[in-house]
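Q: What shape does this take:
(one chain, ligands or ions: 1)
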Amino acid sequence: MSFFTQTQEFIKKCVDELGVEPAVYEFLKEPRKTVIVNIPVRMDDGSIKTFIGYRAQHNNALGPYKGGIRFHPDVTLDEVKALATLMTLKTAIIDGIPYGGGKGGVVVDPTKLSKGELQRLSRGYMRAIAWFIGPDKDIPAPDVGTNPQIMAWMADEYSYIRRQNEHHVITGKPLELGGSRGRTQATSRGVMFIAQKACQKVGIDFKGSKVVIQGFGNVGGNAAYLFGKEGAKVIAVGDVYGSIYNEDGFDVDDLMAYYKENGTVSTYPKAQKISNSELLELECDILVPAALENQITKDNAANLKCKILVEGANGPTTAEADEIINKTDILVCPDVLANAGGVVVSYFEWVQGNYHFQWTEETVNAELKEKMYNAFDRIYEMAQERNVPMRKAAYMAGIKRLADAMRLRGWR
Ligand code: GLU
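A: Modelled structure (predicted):
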């Protein structure tokens, strides 16, 4: 079953179990609109190469479509549709976020492009979708393989097309161009807040807890850093090139410095090398998959030895794996809750952009903490009340808010 089909099926189950009308599922089962674009790019050797790009707008009952743009060789239409659907739920479960869900992607390995090629591709993608998006219509942001520099090129291209500065069409921009303090680390900080809350419920002291993190990109790398700084013991991390283990916990300053210098943690000398599959099966308190989807499957789910699973990535656990984990005592903090910190601070960035003012980092982090803690409490309570796992509770909470909004708007 594909990522998108799994997501659809799970929504269907939650709609049925919630007891809202089936019409709600009719609105949520497919994105409202999706565009497929071909982006011809002049390469450095003078040739033209055409890249395929997508933008899916899933649901805008609560406000403009919102969600990142992924640059990755494995991007597919199915994946973009699934990720757009998760964004609708993510924005719906965080109280007070006035957004719907969307997602974009380009089939490309950005590490294989020169800086010039990457800029031309980013501008080309924006030119292709500019008519489809807008600051009050659909607001993109970074995702896997994209970053503030790419957002800056896209914001510039959009403003050029519109013949005026409209940088708030996109979030995750550099601070100099209307970005928000705290945005880069926001997803990871949110993951940490959720992990702290989960520790309280499970009866573990966050300080000194043993943490394993899969992925060392913006989410995984910053999570390792923040967890370490807040006193947790990061005992294993990994990236595409391999994983490393140190039972005493890493010095996260040193690990970050090594990553910045070498572009991988797999060769970090003060650690024992382990395989990427061993990483997920290590005994620990908190496991944070923060790479791509489909990492915890029916083949390894029964081997997890964590007490808490906090999904930094989108869709890291397959439906079959989820069922296996639900039979254990592992407390699952699902993606739509756990990694919502990114879009929360994107929202803060958009608000700041709309009234041309910059908040301090303390304000951003305090507001983020409040939103994440509240969301955790609400979902946890719902899980207890209805006697369902956290993922189901999170989806139900999101679907309920969407169902109410769609009814009030007169859509059904
Ligand atoms: N790409 C991030 C996510 O999956 C952030 C999206 C946003 O900030 O709009 O949540």
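Q: Now name the helix or strand holding the residue nearest to residue 32 when sequence neighbours are not counted.
A: If you skip the residues right next to it in sequence, residue 32 has residue 57 as its closest partner in space, 5.4 Å away by Cβ to Cβ, 6 or more residues apart in numbering. In this view, the C-beta of every residue, glycine as well, is placed from N, C-alpha and C. Here residue 57, judged by DSSP states H and E, is contained in strand 48-59.
Q: hmm, back to that, how many neighbours does the residue nearest to residue 32 have?
A: The burial count assigned to residue 57 is 26, neighbours taken as other Cβ atoms under 10 Å.
Q: anything in whichever strand or helix holds residue 228 sitting right up against the ligand?
A: In the assignment (DSSP H and E), residue 228 maps to helix 218-229. No - Helix 218-229 is not in contact with the ligand by Cβ under 6 Å from any ligand atom; minimum separation 8.7 Å.
Q: After that helix, which helix or strand is next?
A: Remark: after helix 218-229, the chain's next helix or strand is strand 233-239, criterion DSSP H and E.
Q: what comes into contact with that following strand?
A: Here strand 233-239 makes contact (Cβ atoms under 8 Å, 6 or more residues apart in numbering) with 208-217, 220, 224, 227-228, 243-250, 252, 255, 264-266, 274, 276, 279, 282, 284, 291.
Q: Also stretch 45-55?
A: In contact with stretch 45-55 (Cβ under 8 Å, 6+ apart) are residues 34-43, 69, 75, 77, 80, 102-108, 121, 124-125, 128-129, 132-133, 138, 140.
Q: Does that stretch reach the ligand?
A: No - Stretch 45-55 stays clear of the ligand (Cβ under 6 Å from any ligand atom), getting no nearer than 12.6 Å.
Q: List the ones among the contacts of stretch 45-55 that fall in helices.
A: Using DSSP state H, 77, 80, 121, 124, 125, 128, 129 are the members of those that sit in helices.
Q: So which of those residues is the closest to residue 317?
A: Closest approach to residue 317 among the ones in helices among the contacts of stretch 45-55 (Cβ to Cβ): residue 80, at 19.3 Å.
Q: do you know how far the closest one is from residue 271?
A: Separation of residue 80 from residue 271 (Cβ to Cβ, to the nearest Å): 36 Å.
Q: Name the residue in those two with the higher neighbour count.
A: residue 80 (28 against 20).
Q: My read is that that one contacts residue 106, right?
A: No - Residue 80 is beyond contact range of residue 106, at 9.8 Å (criterion: Cβ atoms under 8 Å).
Q: overlap in contacts of these two?
A: 54, 70.
Q: Just list what the helix holding residue 228 packs against, helices and strands only.
A: On a contact count with 3 or more Cβ pairs under 8 Å, 6 or more residues apart in numbering; DSSP states H and E, helix 218-229 meets helix 186-202, strand 210-214, strand 233-239, helix 252-262, strand 286-289.
Q: for residue 347, what are its contacts?
A: Residues near residue 347 by Cβ under 8 Å, 6+ apart: 66, 97, 98, 99, 171.
Q: wait, what's in contact with the residue of the stretch 251-400 of the chain found nearest the ligand?
A: Proximity of the stretch 251-400 of the chain to the ligand (Cβ to the nearest ligand atom) peaks at residue 346, 3.2 Å away. Going by Cβ under 8 Å, 6+ apart, residue 346 touches 66, 139, 141, 171, 172, 180, 183, 186.
Q: which among those residues are in contact with the ligand?
A: 66, 141, 171.
Q: quick revisit: can you redo the contacts of residue 347 as TSV with neighbour count, pLDDT and secondary structure?
A: As requested, the contacts of residue 347 are exported to TSV (neighbours: other Cβ atoms under 10 Å; pLDDT from 0 to 100; DSSP: H, G, I helix; E, B strand; the rest coil):
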residue	neighbour count	pLDDT	secondary structure
66	30	98	strand
97	22	97	coil
98	13	98	coil
99	25	98	coil
171	29	98	coil
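Q: Pull the most distant pair out of the residues you listed.
A: Farthest pair in the contacts of residue 347 (Cβ to Cβ) is 98 and 171. Separation: 13.7 Å.
Q: which one of the ones next to the ligand among the contacts of residue 346 sits closest to the ligand?
A: Nearest to the ligand, judged by Cβ to the nearest ligand atom, of these is residue 141 at 3.3 Å.
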